[in-house]
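Engineer: Compute the structure for the input listed below.
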Amino acid sequence: MTFWEDSSLPVELDRKGRVERERAGLSVVVVVVLLLGVLGGAGYVAAHAAAGDRVPRGTTISGVAVGGLTRDAAIARLQAAFAARARTPITLAATDATGADRTVTIRPDQVGLRIDPVASVDRTDPARSWRPQRLWDFFSDAARLDAVATVDTDRLAARIRTMSGGFGAPPVDGRVAFIAQGVREIAGQAGDAVSLQAAVDALETAYLSGRQRAQVPLVPAPPDIDQADLTAAVASFARPAMSAPVTLTFGTRRVTLQPRQYADALAMVPKDGHLVPLLHSSRVLALVARARAATAPRDATVRLVGDRPHVVGARPGTTFTDAAVVTAFHAALTARGADRSRVVAGTVAQPTFTATDARALAIRTPIASFRVPVASPADDAEVRAAAARVDGDVLRPGDTLQLPRGSGAVAVAVLGAAFRAGLTDVTADLPVVVDATDVPGHQEFRNDGPSGVLVDVTVSRARPGHPGAVEVRLWSTRTWVVSIRRGARSDPVAPPTRTEHGSGCVPSAGAPGSTRAITRSFRKVGESAIDHIETFRAVTAPVARVVCG
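Structural biologist: Sure thing, here's the model as predicted:
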């Protein structure tokens, strides 16, 4: 039967009242739709199978073609491509104001610059999925992506600082100078520098693109201490500190310090973007050392008065800690008027060695002496200075007599007297000098006796035609009678020649040096038997021959 059947024929209806032929037409449509669905489903399934877990076709990651590869294959290809790039140096360059390039060569793997191949591939959404968007992207989205990269900024910053020409031109902070005339402001200067973030971005871009040069700009670098900080520092501390003298009172002693005296003890240093005061404590303490010493407790001692030993009594005093001195000085610096005078907090202190202790030293008579000639008036100042360092010293039992090197005739005289007095030589393995005139004193003698020892040094000045001398006497209570025996001289040393000029020159023939054995025999006072004997190798230094030029 055709679509144009005769309509006069009887019509059969189904249960729902539809014409039978309508049901037949509907069946045809359903069949057609089902057939098309089957055909479309097969295509969708085929598309899903083709996409699988592959990267969308035509995709590149930082120039590496990975489109159409499975996820694992794409990761492997990306790893292989960047393995070589990680070892390929990149020149990071910055052009300064003169047009010159400052450069540094950086290997990506040395600054922690690397890619994350897994994260980079996963950005392309390569996972299997029935989502229509995923299938659409696979066939239509030819993306160009950058790899996911990371960098160790600390290592990169350290490398950039090795840039030829420096890490930019560093800014110069403003500063305050304290001089004898007052305060001087020194303005800061701006510089330029490489921005770390810009360097990271430029290096990463070059690395991802495979280029071997990255250009980075220099950016202005203002100083941490600018003019505003400088002005505030001068107003708050520097100018008040140098405005007037500071007076410190130590007990009964008063010390007034002028700004020109303490200028070099002041400074201002950067901290958290500001200038803060800094005191050089040692310089402040040196300025008041004499006043502190004058008020300190004084131990009893023994001195020669009219060529006889006398006990000088002890005296209580006041001590001042370093911190108390510095605190008082600092408080006075920024004060005005009368407040620039401060009393230093102190503590009453008693002497540790009393007059009774001094009398117990039993320093009564000379026990040994030694005389060394001084030929030239030119040596007078040095000899007197060396003598002042040891004259009046008191060695308590157990004390060691030490002389600085280079004290010349004084050292020889002191050591010669100590040797004759029987003091214990604590450097017995070294040569001992007992009758030379011009050698550095390196010996050390210890007072192992029960009594104290007073060092008395007398210097007679050399004059043209009249040589001077250094004489050292040691005072104590004699414990030992010391006998000295010298062996024959050996190993002679010719005297050097010294030329002097001027009317005060005194020519001298000098004397050769030599070596010989020396023995010390010890006998207790009041006994006849020898208690013990010591043997030394003694060196006599040559005495220079003086020629007047």
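Engineer: Report the residue spans of this protein with pLDDT below the cut-off.
Structural biologist: Low-confidence segments of the chain, defined by pLDDT under 70: 1-53, 97-100, 125-142, 163-168, 404-407, 428-443.
Engineer: May I have the secondary structure class of the residue positioned nearest the centre of it?
Structural biologist: Relative to the mean C-alpha position of the chain, the nearest C-alpha, by C-alpha atoms, centre = their mean, is the one of residue 269, at 16.0 Å. Secondary structure, DSSP: H, G, I helix; E, B strand; the rest coil: residue 269 is strand.
Engineer: and the nearest residue to it once chain neighbours are set aside, what are its phi and psi?
Structural biologist: Distances taken as C-beta to C-beta, 6 or more residues apart in numbering place residue 278 nearest to residue 269, at 4.9 Å, with adjacent residues excluded. C-betas here are computed from N, CA, C, even on glycine. Backbone torsions of residue 278, given as degrees, to the nearest 10, read phi -140, psi 130.
Engineer: Check what contacts the helix or strand where residue 204 lies and list those residues.
Structural biologist: Using DSSP states H and E, residue 204 falls within helix 196-209. For helix 196-209, the surrounding residues in contact (C-beta atoms under 8 Å, 6 or more residues apart in numbering) are 62-63, 85, 90, 92, 106, 108, 111, 113, 115, 146-147, 149, 151, 153, 156-157, 160, 211-217, 219.
Engineer: any idea how far the residue nearest to residue 269 lies from residue 536?
Structural biologist: Residue 278 sits 54 Å away from residue 536, going by C-beta to C-beta, to the nearest Å.
Engineer: In terms of packing, which of the two has more residues around it?
Structural biologist: residue 536 (21 against 12; other C-beta atoms under 10 Å).
Engineer: quick one: contacts for the nearest residue to residue 59 once chain neighbours are set aside?
Structural biologist: Distances taken as C-beta to C-beta, 6+ apart put residue 67 closest to residue 59, at 4.1 Å, once the chain neighbours are dropped. Listed by C-beta under 8 Å, 6+ apart, the contact set of residue 67 reads 55, 56, 57, 58, 59, 60, 142.
Engineer: ok but residue 67 is inside a helix, no?
Structural biologist: No: Residue 67 is assigned coil when assessed by three-state DSSP, not a helix.
Engineer: quick thing: my sequence starts at 718, can you match it?
Structural biologist: Right, with 718 as the first residue, what we last looked at is residue 784.
Engineer: still on that earlier bit, the residue nearest to the centre of the chain and residue 993 touch, don't they?
Structural biologist: Yes: at 6.2 Å, residue 986 counts as touching residue 993 under the criterion of C-beta atoms under 8 Å.
Engineer: how much space between the residue nearest to residue 986 and residue 982?
Structural biologist: Counting by C-beta to C-beta - residue 995 and residue 982 are separated by 10 Å.
Engineer: got it, and residue 1131?
Structural biologist: With distances taken as C-beta to C-beta, residue 1131 is found 37 Å from residue 982.
Engineer: cool, residue 839 as well?
Structural biologist: 66 Å.
Engineer: hey, where'd the strands end up in the stretch 718-867 of the chain?
Structural biologist: In the stretch 718-867 of the chain, the strands defined using DSSP state E, counting those that start in this stretch lie at 777-778, 781-782, 807-812, 818-823, 831-832, 861-862, 866-867.
Engineer: Can you say which of these is nearest to residue 1027?
Structural biologist: strand 818-823 (77.4 Å; C-beta to C-beta).
Engineer: Partner strands of that closest one, with direction?
Structural biologist: Counting by DSSP bridges, the strands paired with strand 818-823 are strand 807-812 (antiparallel).
Engineer: Give me the contact list for the strand it pairs with.
Structural biologist: 818-825, 877, 880, 885, 911, 916, 919-920, 923-924, 928-935.
Engineer: do stretch 1046-1066 as well
Structural biologist: Applying C-beta under 8 Å, 6+ apart, the set of residues contacting stretch 1046-1066 is 953-954, 957-958, 960-968, 974, 979, 983, 994, 996, 1001, 1012-1014, 1033-1038, 1041-1042, 1045.
Engineer: just checking, which of these belong to helices?
Structural biologist: 957, 958, 979, 1001, 1012, 1041, 1042, 1045 (DSSP state H).
Engineer: Pull the number of nearby residues for the second one.
Structural biologist: By other C-beta under 10 Å, 26 other residues sit near residue 958.
Engineer: Verify the contact between it and residue 984 for me.
Structural biologist: No: using C-beta under 8 Å, residue 958 makes no contact with residue 984, being 10.6 Å away.
Engineer: rewinding a little: would you list the buried entries among the ones in helices among the contacts of stretch 1046-1066?
Structural biologist: Neighbour counting with 16 or more other C-beta atoms under 10 Å marks 957, 958, 979, 1001, 1012, 1042, 1045 as buried within the ones in helices among the contacts of stretch 1046-1066.
Engineer: Spit out the contact partners of the third one.
Structural biologist: Meaning residue 979. 963, 1000, 1001, 1004, 1046.
Engineer: try 7 Å
Structural biologist: 1001, 1004 (C-beta atoms under 7 Å, 6 or more residues apart in numbering).
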